[in-house]
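J.: Requesting a structural model of the entry that follows:
(one chain, ligands or ions: 1)
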Amino acid sequence: MSIELMKENIARAQVEIDKKKAAVSEGTMRQKYHFMAEEGWLNDPNGLIFFKGKYHFFYQFNPYDSYWGSMHWGHAISDDMLHWEYLPVALAPSESYDNHPKGGCFSGSAIEHEGRLYLLYTASTNYGEGFVQNQCMAYSDDGINFYKSEKNPVISAPPTGYDSGNFRDPKVWKHADYFYLVCSAKKDDLGQALIYRSKNLEDWEFFNVLAESRGEFGYMWECPDFFPLKNATGEKYVLTFSPMGVKDRGNIYLVGEMNYDTGKFNYATVGSLDWGFDYYAAQSFVDHKGRRILVAWANGWDWMPWWKDWGPTFKEDWCGAFNLPREVILDEDNRLKFVPIHELQSIRKSPKNIQETAVTGKNGLLIPTENGNCFELKLTIDLASSTTDYFELKLRSNEVLSTIVTVDLRKQLLSVSRDNSDNWSQGTTKSNLLLEDKDTLMIHLFVDQSSVEIFTDEYKTCHSLNVFAGNNQNKNYVSVAEGTLVISELNTWELERTI
Ligand code: FRU
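T.: So this is what the prediction gives:
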């Protein structure tokens with residue numbers, strides 16, 4: 001075991017980070033309050049945990065390029081998930097099982113046990129006959145320096161008949177006497193979530209197929225997560241994953257019942273975490289306040305039907321951000337609500353408020369903001385008093401460009417178009433609106449330098465998209481084609497830079 005090589009590779013990564021980070025932090029497309037790496041490439045959130053008084057976020061990280069390659073685990077800590085202190089890289093490729101330029105330390109999760117922080121991650125390598133993936137463990141007592149287990153890989157292969165190159169992303173939890181993990185696997189070209197159990201986090205036994213695609217959920221499930229949530233009627237389990245091969249869906253959640261005697265999950269509710277183009281590989285954790293927090297990577301992969309590229313930020317030597325952390329709540333109808341963390345309220349500045357306004361015409365209302373580029377908007381529409389069926393929010397606009405959120409009240413459809421956003425992005429995302437029997441519609445949205453996140457339907461419908469709009473795109477409008485839209489209340493805040 002070459003502890004020395006891992007240390008060397010971490011030190012080498014740090015040299016690269018230190019060389020680039022000052023210039024990268026000046027980048028004009030950098031987010032202002034969304035988590036990013038200091039430089040280089042970032043994808044999935046990994047190992048999210050509240051450990052010894054701090055939030056720890058790890059992330060899939062390539063310090064050497066603004067494109068994917070040779071995966072490391074970057075690491076940062078925070079008191080509020082908005083202001084961050086970067087720590088040294090936690091895991092670097094160093095062993096035969098994870099040291100490969102097109103492999104490395106892939107996604108995984110964290111758990112605390114008897115004061116020690118354990119990471120379960122996927123090692124991906126290629127010995128010459130295709131990629132091989134298996135599950136590994138690393139631990140730390142100080143939450144900074146990590147040691148890979150002598151027993152790695154702790155799960156050396158999937159069960160017989162499974163694809164050994166598609167076996168990854170362990171998410172670990174504890175229930176009663178066992179640790180469990182769920183990970184993704186592929187069999188007969190269909191995606192599955194496998195469940196394993198262990199008494200000590202090192203010796204794992206295959207338990208069952210927790211759930212599987214029969215075609216409707218694609219050929220591979222990346223980054224599965226599995227957790228309990230309670231509502232007024234009791235406890236349910238939620239399985240989330242990022243399916244490959246389901247047209248325009250980047251993420252799915254299922255709500256149902258877990259049977260720990262059999263290792264089977266039976267679900268009745270199917271939903272989407274987010275309908276936007278940029279919400280992938282979500283992972284959750286429970287913090288010290290008891291909240292179930294969900295964080296995702298705000299981007300996607302080249303196999304997705306809508307994919308064009310990862311955006312222009314490579315010109316600034318970085319790529320990738322996380323979406324806003326959200327609290328997950330199980331509603332009475334067993335659907336999930338995704339509420340942006342309340343900590344965001346602590347970075348609000350320059351509040352503006354409008355009440356009881358009737359809006360008509362194209363660009364009928366200029367939304368009051370401080371800078372128009374980086375703000376939060378909360379808008380409540382009085383549906384009962386409005387006479388229009390259709391309105392738009394035109395975001396990050398100048399005379400030529402804008403990102404358009406269309407609300408069609410008759411068709412009960414929400415769509416977000418970035419075809420004319422920035423001369424870069426493309427595509428329109430669509431979802432239903434749950435408007436039955438409602439007198440009001442609330443839309444809550446967050447605009448950062450290079451993203452738009454829209455929450456509506458009492459936080460059950462979300463659209464997250466990257467938009468690389470320039471700073472002169474700072475006008476935001478409510479636009480009404482025919483009739484009148486009655487706004488009962490509108491609030492905006494500028495949001496402080498935290499990162
Ligand atoms: C998801 C994913 C994971 C994998 C990681 C590699 O975005 O493809 O399945 O572990 O990224 O970086």
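J.: Grab the nearest non-local neighbour of the residue most central in space within the chain.
T.: What sits nearest the mean C-alpha location of the chain, by CA atoms, centre = their mean, is residue 296, with 0.9 Å. Nearest residue to residue 296, sequence neighbours excluded (CB to CB, 6 or more residues apart in numbering): residue 282, at 3.8 Å. C-beta here means a position set from N, CA and C on the backbone, and glycine is covered the same way.
J.: again, but for residue 235
T.: The nearest residue in space to residue 235 (CB to CB, 6+ apart) is residue 228, at 5.4 Å.
J.: wait, doesn't that neighbour sit right on residue 237?
T.: Yes. In this structure, residue 228 is within contact of residue 237 by CB atoms under 8 Å, at 5.5 Å.
J.: Neighbour count for these two, which is higher?
T.: The residue with more neighbours, out of residue 228 and residue 237, is residue 237; 18 against 14, by other CB atoms under 10 Å.
J.: My guess is the more buried one contacts residue 255. True?
T.: Yes. With contacts counted by CB under 8 Å, residue 237 reaches residue 255, the gap being 7.4 Å.
J.: contacting residues for the closest residue to the ligand within the stretch 301-450 of the chain?
T.: As assessed by CB to the nearest ligand atom, the ligand sits closest to residue 301 within the stretch 301-450 of the chain, at 6.5 Å. Going by CB atoms under 8 Å, 6 or more residues apart in numbering, residue 301 touches 280, 307.
J.: Next, it: secondary structure please.
T.: coil (DSSP: H, G, I helix; E, B strand; the rest coil).
J.: Torsion angles phi and psi at it?
T.: Phi and psi for residue 301, reported as degrees, to the nearest 10, are phi -110, psi 160.
J.: burial measure for residue 199, as a count.
T.: 11.
J.: just so I have it, where are all the helices in this structure?
T.: Along the chain, counting by DSSP state H, helices occupy 3-25.
J.: low-confidence ranges in it?
T.: Scanning the chain for pLDDT under 70 picks out 1-2.
J.: can I see the domain layout of it?
T.: Here the domain parsing of the chain from automatic domain parsing is 3-340, 353-495.
J.: Serialize the ones you listed to a markdown table and add fields for distance to residue 347.
T.: Listed next are these as a markdown table, based on distance: least, CB to CB, whole Å:
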| stretch | distance to residue 347 |
| --- | --- |
| domain 3-340 | 6 |
| domain 353-495 | 5 |
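J.: out of these, nearest to residue 346?
T.: Of all the domains of the chain, it is domain 3-340 that lies closest to residue 346, at 6.9 Å by CB to CB.
J.: give me every residue that touches residue 323.
T.: Applying CB under 8 Å, 6+ apart, the residues near residue 323 are 34, 274, 278-279, 295-298, 451, 453, 464.
J.: again but with residue 416, I slipped
T.: 276, 403-406, 428-430, 452, 454, 463, 465.
J.: Show me which of these are buried.
T.: When those are checked for burial by 16 or more other CB atoms under 10 Å, the buried set is 276, 403-406, 429, 452, 454, 463, 465.
J.: Please list the residues of the stretch 101-250 of the chain that sit near the ligand.
T.: Residues of the stretch 101-250 of the chain lying close to the ligand by CB under 6 Å from any ligand atom are 106-107, 122, 168-169, 222-223.
J.: any idea how far residue 208 is from residue 363?
T.: Here residue 208 is placed at a distance of 57 Å from residue 363 (CB to CB, to the nearest Å).
J.: In a markdown table, list the buried ones among the contacts of residue 416 along with distance to residue 496.
T.: Formatted as a markdown table, these follow (distance: CB to CB, whole Å):
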| residue | distance to residue 496 |
| --- | --- |
| 276 | 24 |
| 403 | 23 |
| 404 | 27 |
| 405 | 24 |
| 406 | 30 |
| 429 | 28 |
| 452 | 18 |
| 454 | 21 |
| 463 | 24 |
| 465 | 23 |
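J.: Looking at those, which are in strands?
T.: 403-406, 429, 452, 454, 463, 465 (DSSP state E).
J.: Quick one: those as TSV, columns for distance to the ligand too.
T.: Listed next are those as TSV, based on distance: CB to the nearest ligand atom, whole Å:
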residue	distance to the ligand
403	25
404	28
405	27
406	29
429	19
452	21
454	23
463	20
465	17
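J.: And the contacts of residue 323, which of them are buried?
T.: Buried among the contacts of residue 323 (16+ other CB under 10 Å): 34, 274, 278-279, 295-298, 451, 453, 464.
J.: Tell me who's in contact with the residue nearest to the centre of the chain.
T.: Contacts of residue 296 by CB under 8 Å, 6+ apart are 45, 251, 273-274, 279-283, 322-323, 464.
J.: What residues does the stretch 351-499 of the chain have near the ligand?
T.: So the stretch 351-499 of the chain never meets the ligand (CB under 6 Å from any ligand atom).
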